[in-house]
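J.: Okay, predicted coordinates and the sequence, questions at the end:
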Amino acid sequence: EKGALAAAQFLWHAGRLEEARDAADRAAERFPRVPGAAVLQCWVLLDAEGPAAVGEDAWEASGAGRKDLDVLLGRARHHEAREQYSKALEHLNQAVVIHPWFLPALGEKAKLLVAMGDWDQATEAAGRLLAQDPANVEALRVMALYALSQEAKPGAARKRVQDLSEALER
């Protein structure tokens with residue numbers, strides 16, 4: 001079961017969505033009691049066909065539970081793709097609180113807050129992320145964008161862009 005799911009996940013991350021869909025469907029058929037297979041089906045469908053193809057109830061029906069990290073992130077991405085930013089933020093906030101060790105959720109939250117135009121919270125989230133990972137590219141990107149677009153401090157903007165450039169080179 002883990003091999004079939006790992007193969008489907010690999011195909012999905014490699015951008016081979018049709019093959020990933022077939023592999024995820026086979027895994028879900030062979031292992032119907034494994035929530036990860038149904039969640040992966042939702043993710044692949046979301047990336048392949050967009051949010052209209054995956055209903056809100058599909059994430060719930062996966063059986064993984066409301067607190068599952070993949071479900072929370074999937075629901076956030078689903079709402080973000082529909083430009084329902086407040087709902088997406090709710091799911092990202094839950095992911096950050098329930099799974100504080102998973103730093104990419106905090107990065108996604110910072111990016112979403114930028115899209116919402118909430119620079120105060122975006123820089124706060126990016127700052128929290130940088131406190132835990134000083135070379136985090138997403139957080140550095142948010143801070144550089146803030147320095148370039150919101151602050152009238154060219155020296156600070158240059159420093160942020162340099163920090164981002166150095167992190168990208170690693």
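T.: Noted; the coordinates are in hand.
J.: From the contact counts, what lies against the worst-scoring helix or strand of the chain on mean pLDDT?
T.: Least confident element among the helices and strands of the chain, by mean pLDDT, DSSP states H and E: helix 56-61 (a mean of 80). Counting contacts by 3 or more CB pairs under 8 Å, 6 or more residues apart in numbering; DSSP states H and E, helix 56-61 packs against helix 35-49, helix 69-81. Backbone N, C-alpha and C define where each C-beta goes, glycine included.
J.: Now do the closest residue to G63 other than its chain neighbours against L148, distance only.
T.: Distances taken as CB to CB, 6 or more residues apart in numbering place P35 nearest to G63, at 4.2 Å, with adjacent residues excluded. Per CB to CB, to the nearest Å, P35 is found 42 Å from L148.
J.: Equivalent analysis for V161, please.
T.: 7 Å.
J.: before we move on, back to that, looks like the residue nearest to G63 contacts D68 (just checking).
T.: Yes: if you go by CB atoms under 8 Å, P35 and D68 touch, sitting 7.1 Å apart.
J.: Find the residues that touch each one of the two.
T.: Between them, P35 and D68 share these contacting residues under CB atoms under 8 Å, 6 or more residues apart in numbering: S62.
J.: Verify the stated contact: S62 with V39.
T.: Yes: at 4.6 Å, S62 counts as touching V39 under the criterion of CB under 8 Å.
J.: so what sits against both of these two?
T.: By CB under 8 Å, 6+ apart, the residues touching both S62 and V39 are 68, 71.
J.: what about the residue nearest to G63, distance to E60?
T.: 11 Å.
J.: So between those two, which is more surrounded?
T.: Between P35 and E60, counted using other CB atoms under 10 Å, P35 has the larger neighbour count: 18 against 13.
J.: Tell me which residues touch that one, please.
T.: Counted by CB under 8 Å, 6+ apart, P35 has contacts 62-65, 68.
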